[in-house]
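task: produce atomic coordinates for the following.
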Amino acid sequence: MKIHSTYMGMKLNSPIVVSACTLSEKTDNIAMMEDNGAGAVVLYSLFEEQIRKEEATYKTIMSETSYSFAEALDYFPNLDDFHVGTDEYLEHIRKAKERVDIPIIGSLNGITNEGWIDYSMQMENAGADAIEVNIFFIPADISLSSSEVENRYLNIIDAIKQSVKIPVAVKLNPYFSTTGNMALRMKNRGADALVFFNRFYQPDFDINELIIKTDLHYSESNEIRLPLLWIGLLYGKVELSLAATTGVQSATEVIKYILAGADVVMTASSLYKYGIPYLKTMNKDLYDWMFKMGFDSIESFKGSMSQKNIADPTAYERANYIKILDSVR
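Numbers count the residues shown, from 1 in each chain. Purely as a prediction, here's the structure:
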């Protein structure tokens, strides 16, 4: 029985991948992740703002994007909190590659086309096995059309894929009106994987101090349903890797995502809660479930609950909504 998986052409010993988070800031932690069975590690995000902060163009960039990019909004964490610059990030990739054998995936959150291209190339040169493009973009400008928003994503993919040879994953937001069509168009532009979904840090209000709060809540298992839906719908229809990255608290969520069609399942919240060694528990629970169910590999059950493979495909669509309403009458 094997729990090996393939993600963007990379062979992984486990489908469980550490998603971008501050736990990967230390090489010792990355080594511990490998020791406890992580299939790969997505490094914490490199933000273009933190690089350009001391440059003369920084204020111009911020003023031009303050109504378009979540990173520039007041409720986003202060840029002083991001203390690692480009040189440190690239050196971190090099050290991680020297220390571990599992794939190291760089995470990039850019603003300008020059930033996306330059830093992607630098990550590749530093030894990253792949890049996860974290397009943290909230179209708050009401004059922007849906096509302009979509083209922004597609142009970023174009720019990066023309500049690097390593695989590129795109971390999607859940707000496209035609997620399936966007997935197909991103694939046609060269994306090697789609990650469902980017979990935007949304604002909350302190009603006594009348300020915007910046606290962070870890994802919960009940948040898997939206990415589960789209992975299940897209499996077998779009020829690229599918990754899930929301609400993964245990092997149960890992299994559900793979049943829907995910190649890998990413987690960070569970590691913050239970520690990095929890990866070993998740892998063991996945293995035990496979043994109980009689599956000898990930491929033997991946996508078996997708819309493509279930007996009643309408369960993913309107008919199932009606059944749910009937069940509560």
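
next one: stretch 197-207 to chain centre, how far?
Here stretch 197-207 is found 17 Å from its chain centre; the criterion is Cα atoms, centre = their mean, to the nearest Å.

I should have written stretch 306-318 there, sorry.
Computed by Cα atoms, centre = their mean, the chain-centroid distance of stretch 306-318 equals 25 Å.

cool, and stretch 285-299?
Counting by Cα atoms, centre = their mean, stretch 285-299 comes out at 25 Å from the chain centroid.

please apply the same query to stretch 219-230.
13 Å.

ok, now stretch 269-284?
Offset of stretch 269-284 from its chain centre (Cα atoms, centre = their mean): 18 Å.

got the buried residues for that stretch?
269-271, 276, 278-279, 281-283 (16 or more other Cβ atoms under 10 Å). Where C-beta positions appear, they are placed from N, C-alpha and C, glycine not excepted.

what is the burial count for the residue nearest to residue 116 when sequence neighbours are not counted?
Computed as Cβ to Cβ, 6 or more residues apart in numbering, the closest residue to residue 116 that is not its neighbour in sequence is residue 110, at 4.2 Å. By the criterion of other Cβ atoms under 10 Å, residue 110 has 27 neighbours.

give me the pLDDT for residue 110.
If you check residue 110, the pLDDT there is 73.

try residue 85
Reading off the model, residue 85 has pLDDT 62.

so residue 304 touches residue 259, yeah?
Yes. Residue 304 is within contact range of residue 259, at 5.8 Å (criterion: Cβ atoms under 8 Å).

neighbour count winner among these two?
residue 259 (20 against 15).

hang on, that one packs against residue 307?
No. Assessed by Cβ under 8 Å, residue 259 is found out of contact with residue 307, at 11.9 Å.

where are the low-confidence patches of the stretch 151-300 of the chain?
Residue ranges of the stretch 151-300 of the chain with pLDDT under 70: 200-202, 214-217.

where do the strands sit along it?
Using DSSP state E, counting those that start in this stretch, the strands found in the stretch 151-300 of the chain span residues 168-171, 193-196, 204-206, 211-213, 241-244, 264-267.

of the ones you listed, which stretch is the most buried?
Neighbour counts (mean count of other Cβ atoms under 10 Å) averaged over each of these peak at strand 264-267, with a mean of 28.

now what about that strand, what contacts it?
Residues outside strand 264-267 that contact it (Cβ atoms under 8 Å, 6 or more residues apart in numbering): 5, 7, 12, 15-19, 39-40, 42, 195, 241, 243-245, 248-249, 253-254, 257-258, 282.
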